[in-house]
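Asks: Pasting the sequence and the predicted coordinates here, then a few questions.
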Amino acid sequence: MFAMTPENVARIFPTDVLARLRELVDIDPSWAAGDFTEPRTRARLAETEILITGWGCPVLDAETLDAAPKLRAVLHAAGSVKGFATPTVWERGIVVSSAAAANALPVAEYTLAMILLAGKDVFALRDRLRAERAFPHGGIIPGIGNFGRRVGVVGASLIGRRLIELLRPFDLAVSLADPYVDEAGAAALDVPLLPLDDLLTGSDVVTVHAPQTPETRHLIGRRELALMPAGSVLVNTARGSLVDHDALVEALRAGHVSAILDVTDPEPLPADSPLYDLPNAFVTPHLAGSQGNEVARLGLTVVREAERLLSGRAPEFPVDPGTLGRTA
């Protein structure tokens, strides 16, 4: 059974992907549970063995699981399962898989693009060209370029790791800060591991990929922004709460740093937020994650996980409840 907002079924499972899924399992694409207490849903839950979840899935609490005695797997066609999967799910031995790794790819691609564009100072130079209607330079522009530019990745999350892979072919100097990664882990990623302060002071671009937890709120605040070199760039595609926006506005107004923000706190920003108008802030509407045709990749991931389960194999992307507290 699908458990998500109904409109997302067709988006995540377009015709070809849905056909593959229906070759594997008996599922009704016209029905998506949005309320597990609804009588018809309760009746369907009693026979459900695999629950395919997505954005808008109701909470899987003990009462709901009591109504689903045959349930053996939850395949999530999105990223985090924190919003609906309670500890009872794992306590009952139900397998949980997530398409977070598939969703990490477009975020990493967006971040890669922004790092390369920022290295060319594309956003500021485009604005000058628009305003002056003439090239704002006479030839080679000093101070820009991506040869040897230092990129600091904060957080070896799924997205952070995918970004490190995407950055590898370029002539960039990439480093990592993550308290849960040791030297051996950093060596496997082929990047130097630095304390956060050292990464901040030694990076031309700092890109944030840590999860939203109580410990990471305002991970990048006034002190951390002051450590970043003058003219450096902060990229945030994680969660808005990881950056102290008041401190960031101060640093932007002072011209100390520039910022590329796909996530903000709150979201969306208030209409009077200075981040909309500051020339050194580039804000996009939380679009780095799977959008448009990219969401079909999430559905395809679920299909492949279903194939593995039905052939007796473990899922490729299981969710470990032991690490949920420090992951997205």
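Replies: Yes, it's here.
Asks: Could you look up the SS state of Pro142?
Replies: Here Pro142 is recorded as coil under DSSP: H, G, I helix; E, B strand; the rest coil.
Asks: same check, this time on His137
Replies: From three-state DSSP, the assignment for His137 is coil.
Asks: which residue packs closest to it, ignoring adjacent ones?
Replies: Leu125 (7.9 Å; Cβ to Cβ, 6 or more residues apart in numbering). For the C-beta atoms, the positions are set from N, CA and C on the backbone; glycine is no exception.
Asks: these two touch, right, that neighbour and Glu132?
Replies: No - the pair Leu125 / Glu132 is not scored as a contact, 10.3 Å apart, by Cβ atoms under 8 Å.
Asks: the more surrounded of these two?
Replies: It is Leu125, of Leu125 and Glu132, that has more neighbours when counted by other Cβ atoms under 10 Å, with 15 against 9.
Asks: And that one, its phi and psi?
Replies: Backbone torsions of Leu125, given as degrees, to the nearest 10, read phi -70, psi -30.
Asks: wait, what's in contact with it?
Replies: 136-137, 141 (Cβ atoms under 8 Å, 6 or more residues apart in numbering).
Asks: thinking again about what came up before, okay, the residue nearest to His137 and Leu252: tell me how far apart.
Replies: 18 Å (Cβ to Cβ, to the nearest Å).
Asks: Determine the longest helix present in the protein.
Replies: helix 100-119 (DSSP state H).
Asks: in that helix, what's buried?
Replies: 100-108, 110-112, 114-119 (16 or more other Cβ atoms under 10 Å).
Asks: try stretch 241-252
Replies: Buried, per 16+ other Cβ under 10 Å, within stretch 241-252: 241-245, 247-249, 251-252.
Asks: what packs against the host helix or strand of Ile260?
Replies: Assigned by DSSP states H and E, Ile260 belongs to strand 257-261. If you count contacts as 3 or more Cβ pairs under 8 Å, 6 or more residues apart in numbering; DSSP states H and E, strand 257-261 packs onto helix 100-119, strand 232-236, helix 245-253, strand 281-283.
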